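> Got a sequence here, can you model it:
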Amino acid sequence: MNTPYTPPSALLSFADADRSPLSIRAKALVFVDPRSKKLHDELEYLAKTSLAILVGGETGSGKELLARQIHRTSQRPGLFVAVNCGALLNGQAEAELFGYAPNKPLSSPAGRTGWYGSANGGTLYLDEIGDLPLSLQDKLLTALQTHEIHRVGAKTATPVDVRLVAATSINLERAVRAGNFNAHLYEYINEGFLELPPLRQRPADILPLAEYFLAMYAQRLSLNVPRFSDEAQQRLEHHRWTGNTRELENVIHFALLVCRNGVIEPEDLNLPAA
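This is a model prediction of the structure:
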């Protein structure tokens, strides 16, 4: 029988909720560390406004989870729709994002609505918005300003009510100066800004996250939940976690599979020496 696990009250898990067109990669975020608690307070304030929000942070740190919490806190009735801008299909990116008219014979996974229209009444999350082609940046800015979208092949505009949350792991100010990002769009999406610190700068979040991932994978594999030895806990807390939450999740999954006698030791973590 599996050992029951009760996650800390400050842990947010989205593994099985708020399904969106593109599945999330990191599955949990905690607000235990003082820096995380400060971020949570800022999030709660901004979420209740109508401002567009830009989330900055390293890859794998959990930016989409922040966006999902913004949507939940805002209590907008529509869907949370997540789109990876770097994964939009070449040649069909406009149709994927804004949809197409019924008489336009294009193939788009979003059908005739498009991701933007699917978020009507809800929140549109654009991951790595810096990867959005310049031509689409202009159209996105127009949609945000006019609250209307022009589907490919359509003769009239469609009214929409969308709250935008965008994320980036690059410095968009430098991209603007280099001419690779629309300056007016940057000003619009940066009405509210949240910076998610990397996991190594949130040390108090590491063990609660590790315990959560351990319990999650143990349940999936119908295994008893092992415990971390004191030495393993120290190794977790002192590792730099350049891959952030995603790296931690992979390490814990592996440790669960190779540990013995119900205890995870430092060698089970397969981490390089400090």
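
> Every contact and neighbour count from this point should use C-alpha atoms.
Will do.

> which stretches of this structure have low pLDDT?
The chain contains residues with pLDDT under 70 at 1-27, 103-111, 274.

> need the strands for it, in chain order.
For the chain, the strands defined by DSSP state E occupy 11-13, 28-30, 53-56, 80-84, 123-127, 148-149, 158-159, 163-168, 192-195, 227-228, 263-264.

> what angle do the fourth one and strand 123-127 make?
With axes from the mean of the first three to the mean of the last three C-alpha atoms, to 10 degrees defining the directions, strand 80-84 sits at 20 degrees from strand 123-127.

> Strand 80-84 versus strand 163-168: what angle between them?
Using the same axes, to 10 degrees: strand 80-84 against strand 163-168 is 30 degrees.

> circling back to that earlier point, winner for burial among the strands of the chain?
Most buried of the strands of the chain by mean neighbour count (mean count of other C-alpha atoms under 10 Å) is strand 123-127; its value is a mean of 26.

> which other helices and strands contact that strand?
helix 63-74, strand 80-84, strand 163-168 (3 or more C-alpha pairs under 8 Å, 6 or more residues apart in numbering; DSSP states H and E).

> Could you state which residue of the chain sits nearest its centroid?
Glu64 (1.2 Å; C-alpha atoms, centre = their mean).

> That residue and Ala101, how far apart?
30 Å (C-alpha to C-alpha, to the nearest Å).

> Give the burial count for Gly120, as a bare number.
For residue 120 the amino acid is Asn, not Gly. Residues contacting Asn120 under the criterion other C-alpha atoms under 10 Å number 22.

> Report the contact partners of it.
Going by C-alpha atoms under 8 Å, 6 or more residues apart in numbering, Asn120 touches 78-79, 160-162.

> how close does it sit to Lys37?
31 Å.

> cool, and Ala119?
For Ala119, the distance to Lys37 - C-alpha to C-alpha - is 29 Å.

> Of those two, which one has the most company?
Ala119 (23 against 14).

> ok, the more buried one to Leu214 distance?
34 Å.

> for Val30, same thing?
15 Å.

> what does Thr242 give?
20 Å.

> Who has more neighbours out of those two?
Leu214 (24 against 16).

> Tell me if I'm right that that one and Ile252 touch.
Yes - Leu214 is within contact range of Ile252, at 6.0 Å (criterion: C-alpha atoms under 8 Å).

> need the contact list for the residue nearest to Phe80 when sequence neighbours are not counted.
Nearest residue to Phe80, sequence neighbours excluded (C-alpha to C-alpha, 6 or more residues apart in numbering): Thr123, at 4.8 Å. Residues in contact with Thr123, defined by C-alpha under 8 Å, 6+ apart, are 71, 76, 78-81, 162-165.

> please redo it, this time with the cut-off set to 6 Å
Shown in contact with Thr123 (C-alpha atoms under 6 Å, 6 or more residues apart in numbering): 80, 162-164.

> so what's it bridging to?
On the basis of DSSP bridges, Thr123 is bridged to Phe80, Arg163.

> quick one: it and Glu231, what's the gap?
Counting by C-alpha to C-alpha, the gap from Thr123 to Glu231 is 43 Å.
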